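A.B. asks: Any chance you could fold what I've pasted below:
(2 chains, ligands or ions: 2)
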Amino acid sequence: MARMSFVEGLVEGMRHEMRRDPDVFLMGQDVGKMGGAMGGSRGLIEEFGGHRVRETPISESAMVGAAVGAALVGKRPIVEISFGEFLPTCMSQVVLQAANLHYMTAGALTVPMVLRTRVGDGPYRGHPQCFEAWFAHVPGLRVLMPSTAADARDAMVAAIRDPNPVLFFEHMWLYHGVREDVPDEVGSFDLDRAAVRRPGSDVTVAATGWMVHKALEAARLLEPEGIDIEVIDLRTLAPLDLDTVAASVRKTSRLVVAHEAWKVGGIGAEVTAAIAESCFYDLAAPPVRIGAPHFPLPMTKPLRDAFIPSVEDVIDAVKRVRAA
Amino acid sequence: MASLSTPTAFLGTPSPIDGISPADRLGLVRAMVLSRVLERACCELNPRWFPAEGEEAVIAGAFYGLRPDDVAAPHYRGPFLAYAMRGASLSRLVAQSIGRATGYARGRALGFTGPADLGFVPWVAGDLGTTIGVATGCALGFHYEGSDRVVVCTFGDGTTNRGDFHEALNLAAVWKLPIVYVCQHNQYSISLHSSQVLPIESVAARAPAYGMPGVGLDGNDVFAIHEAMRDAVARARDGRGPTLVEARTYRLGGHWASDPGGYRHPEDEDRWRQRDPVPRALADLVDAGIIDASGVESIWEEARDVVSRAVALAQAAPEPGAMDLGASEALAASGRDDRQRDPRTGPPAGADAWRE
Ligand SMILES: Cc1ncc(C[n+]2csc(CCOP(=O)(O)OP(=O)(O)O)c2C)c(N)n1
Ligand SMILES: [Mg+2]
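C.D. replies: Ligands and ions are numbered 1, 2, ... in the order given. Next up is the predicted model:
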């Protein structure tokens, strides 16, 4: 067992694959000597040099286009967009090129690239936008959002090995959290499976990123009241593992979905709609979605604290689906 | 690794215009000193503030003298001086930098955003380069209405690598839009020296390829910058189209105030510290006989006084609360029509504009 923080897991995953496969390289802004934003690539340039840890200009669209092209000719690029807030600047490369190339060439081509980026509220409060749902809407992309250090490492490894374009969302609040036990062996992260983080019998809470941890906290707080929550870490946002959620709902009959991104058009909308389709008669109460309210994300702490879904929001939602 | 580079020669040199009056020279320098003191205070209050130290000549030179009905789109590093010279309240700006409710955006937008009602393109998101397009659009509006209003837009050297920069300059040149683009070239984007991300010495060298004049300047010479700006603004005002100005300077501080650094040569930092534009501009005033040594001291004192009062007011201001959240304000009320607003009037941007 090793002890690792979330960000150490991310870096370890990249290091592991860069050692194994000389075609794997990283490019992004400040990924070299500075060690990456928030230490997100610390130590890599020292080990692999500037050829494989490449500093880029502030040219996000060209960066992603370059990753797509390099992937087409057999490389395994990891391109880093410093913050998810900048994804709109390279949207066509992601949703029109990377996503379409395999299907539109009748399977002749693959795009084995990873686009990693930081999202969510974080200790520095910068660039918090959560745009992951946009990418789950588009076929041809994998979208990952790990919530533990072990998954950070193993999902990164799996993403690099996968033949598809993978969007890899790293939640900033988790970056420098407590170190967790991580198995020495690099695990086989299943790109098609959600993870049950806490088994329970009364209510299913399916969550993403930081909200997974808030859901676990809610579960601890509700235990003394005799309420037993099953917490599912959705972690593979596309394709979504609806089977795991459905199996849980068949057991609990109650569903809450929680994420930090806007509720309207979010991942939670997809999960609840799909569960309503597949498990309507298993549900004892209407599902409840938790997400940010529908206005732009404010920047200062008091406003952001009011904006971002909290542990209390999860508790309220659990009580609502139980009361119904 | 970063090496010392000297400011580039003029490219497409504009015809020199009359010198700058002693009053304007004094105003420009008072503005620079205000910026130095104000930005230092913000850095002390907020370790995540982006220091503008060393870049004051560019900011003062670019925005000084702008008309109140013009539009300004300042770079995110050091914009408070641009706001102050057009009448912003210093205490509200400081409040903004520490996230208080009395800031212009009530705690909603980024701390360096501008007072929108004073004719600024505000910072409503953190993606650099996109506002260059918005600024260009303001110039389109002025061109469309046939007015002589202009836009001045500043941005970093790193930002010029965004596709939006290239698209905007091409559009402005092909439509002859009334805008002056100013590259606040401090040689760095975060930890990267410009030589790592730009294969040519000068951003202004690209101007002829876009179909507009380019001017490369010593970014620590406020008078040269302002003179070039007056020429470029005049060009834009009378319909002769955009100009790209590059003012080459150096980021004396870190990327943010508490940046541990370690990615550049201390000798470079020392060398540029010796070229600090603020003492240089003050010395120029003394040499020209515009002020004497006691005049220098009183310029500093004036700035320290007004900034310390602003800091005290800002610190006493409340944090944003539920009232400021504006949960229902993502869309404007239907029927609202901002064309009924009169263009701002008043004196041009200068060193007598800021308020407590
Ligand atoms: C589109 C985009 N990409 C990356 C960033 C992250 N970032 C913030 S400041 C900065 C450096 C900008 O360099 P420059 O334009 O030279 O301005 P300076 O910081 O030197 O004033 C970067 C890369 C960003 N804000 N927006
Ligand atoms: Mg710069």
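A.B. asks: Let me see the ranges of the strands in chain B.
C.D. replies: Secondary structure of chain B (DSSP state E): strands at B:71-73, B:151-156, B:179-185, B:188-189, B:192-193, B:214-218, B:243-248.
A.B. asks: Tell me where the stretch 51-200 of chain A has strands.
C.D. replies: Ranges of strands in the stretch 51-200 of chain A, per DSSP state E, counting those that start in this stretch, are A:53-55, A:76-83, A:114-119, A:142-144, A:166-171, A:180-182, A:195-198.
A.B. asks: Of all the residues in the stretch 201-324 of chain A, which one is nearest ligand 2?
C.D. replies: Closest to ligand 2 within the stretch 201-324 of chain A is A:Met299: 22.4 Å, counting by Cβ to the ion. Every residue, glycine included, has its C-beta placed from N, CA and C.
A.B. asks: Can you name the residues that contact that residue?
C.D. replies: A:Arg125, B:Gly99, B:Gly107, B:Arg108, B:Ala109, B:Leu110, B:Gly111 (Cβ atoms under 8 Å, 6 or more residues apart in numbering or on different chains).
A.B. asks: which bits of chain B sit near ligand 2?
C.D. replies: Applying Cβ under 5 Å from the ion, one finds that chain B approaches ligand 2 through B:Gly156, B:Asp157, B:Gly158, B:Asn186, B:Tyr188.
A.B. asks: separation between the fourth one and ligand 1?
C.D. replies: Read that as B:Asn186. B:Asn186 is 5 Å from ligand 1, where distance means Cβ to the nearest ligand atom, to the nearest Å.
A.B. asks: What residues sit buried inside stretch B:325-340?
C.D. replies: B:Leu325 (16 or more other Cβ atoms under 10 Å in any protein chain shown).
A.B. asks: who's in contact with that stretch?
C.D. replies: So stretch B:325-340 is in contact with A:Pro293, A:His294, A:Phe295, A:Pro296, A:Pro298, A:Leu303, A:Ala306, A:Phe307, B:Arg106, B:Arg108, going by Cβ under 8 Å, 6+ apart.
A.B. asks: Show me which residues of chain A sit near ligand 1.
C.D. replies: A:Gln29, A:Ile58, A:Glu60, A:Ser82, A:Phe86, A:Thr89 (Cβ under 6 Å from any ligand atom).
A.B. asks: Could you rerun that using 8 Å?
C.D. replies: A:Gln29, A:Asp30, A:Ala37, A:Ile58, A:Glu60, A:Ile81, A:Ser82, A:Phe83, A:Glu85, A:Phe86, A:Thr89, A:His127 (Cβ under 8 Å from any ligand atom).
A.B. asks: Give me the subset of the residues you listed that lies in helices.
C.D. replies: A:Glu60 (DSSP state H).
A.B. asks: quick one: which of the residues of chain A next to ligand 1 is nearest A:Leu10?
C.D. replies: A:Leu10 has its nearest neighbour among these in A:Ala37, at 11.7 Å by Cβ to Cβ.
A.B. asks: ok, now how distant is the residue nearest to that closest one when sequence neighbours are not counted from B:Ile190?
C.D. replies: Using Cβ to Cβ, 6 or more residues apart in numbering or on different chains and skipping residues adjacent in sequence, the residue nearest A:Ala37 is A:Ser82, 5.0 Å away. In this view, A:Ser82 and B:Ile190 are 9 Å apart by Cβ to Cβ, to the nearest Å.
A.B. asks: Give the residues shared as contacts by those two.
C.D. replies: A:Gln29, A:Asp30.
A.B. asks: which stretches of the stretch 201-324 of chain A have low pLDDT?
C.D. replies: Residues of the stretch 201-324 of chain A meeting the criterion pLDDT under 70: none.
A.B. asks: Could you pull out the helices in the stretch 101-250 of chain B for me?
C.D. replies: B:130-144, B:163-174, B:194-197, B:207-210, B:222-237 (DSSP state H, counting those that start in this stretch).
A.B. asks: Using CSV, write out every CA atom in stretch A:200-208.
C.D. replies: C-alpha atoms of stretch A:200-208 as CSV (Å, rounded to 0.1, in the frame of the first residue of the first chain):
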residue,chain,number,x,y,z
GLY,A,200,-27.1,0.9,1.9
SER,A,201,-30.8,-0.1,1.8
ASP,A,202,-33.0,3.0,2.1
VAL,A,203,-32.0,5.6,-0.5
THR,A,204,-29.7,5.5,-3.5
VAL,A,205,-27.5,8.7,-3.8
ALA,A,206,-25.7,8.8,-7.1
ALA,A,207,-23.1,11.6,-7.1
THR,A,208,-20.0,13.0,-9.0
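A.B. asks: Name the surrounding residues that touch that stretch.
C.D. replies: Counting by Cβ under 8 Å, 6+ apart, A:132, A:145, A:147, A:194, A:214-215, A:218-219, A:227-235, A:237, A:245, A:248-249, A:251-252, A:254-261, A:267, A:271, A:314, A:317-318, A:321-322 sit against stretch A:200-208.
A.B. asks: same check, this time on stretch B:281-292
C.D. replies: Contacts of stretch B:281-292 (Cβ under 8 Å, 6+ apart): B:22, B:25-26, B:28-29, B:32-33, B:57, B:222-223, B:293, B:295-296, B:299.
A.B. asks: so what's the residue of chain B found nearest ligand 1 up against?
C.D. replies: Nearest to ligand 1, among the residues of chain B, is B:Gly156, at 2.2 Å (Cβ to the nearest ligand atom). Applying Cβ under 8 Å, 6+ apart to B:Gly156 gives the contacts B:His75, B:Arg77, B:Leu128, B:Cys183, B:Gln184, B:His185, B:Asn186, B:Ser189.
A.B. asks: Ranking by neighbours, what's the top pick from these?
C.D. replies: B:His185 (31 neighbours; other Cβ atoms under 10 Å in any protein chain shown).
A.B. asks: I'd like to know which of the helices of the stretch 101-250 of chain B lies nearest to chain A.
C.D. replies: Nearest of the helices of the stretch 101-250 of chain B to chain A, taken as Cβ to the nearest Cβ: helix B:194-197 at 3.8 Å.
A.B. asks: JSON lines for the helices of the stretch 101-250 of chain B, including mean neighbour count and mean pLDDT?
C.D. replies: Shown next, in JSON lines, are the helices of the stretch 101-250 of chain B (neighbours: other Cβ atoms under 10 Å in any protein chain shown; pLDDT from 0 to 100):
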{"stretch": "helix B:130-144", "mean neighbour count": "21", "mean pLDDT": "97"}
{"stretch": "helix B:163-174", "mean neighbour count": "20", "mean pLDDT": "98"}
{"stretch": "helix B:194-197", "mean neighbour count": "19", "mean pLDDT": "96"}
{"stretch": "helix B:207-210", "mean neighbour count": "17", "mean pLDDT": "97"}
{"stretch": "helix B:222-237", "mean neighbour count": "22", "mean pLDDT": "98"}
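A.B. asks: Right, I'll call it a day here.
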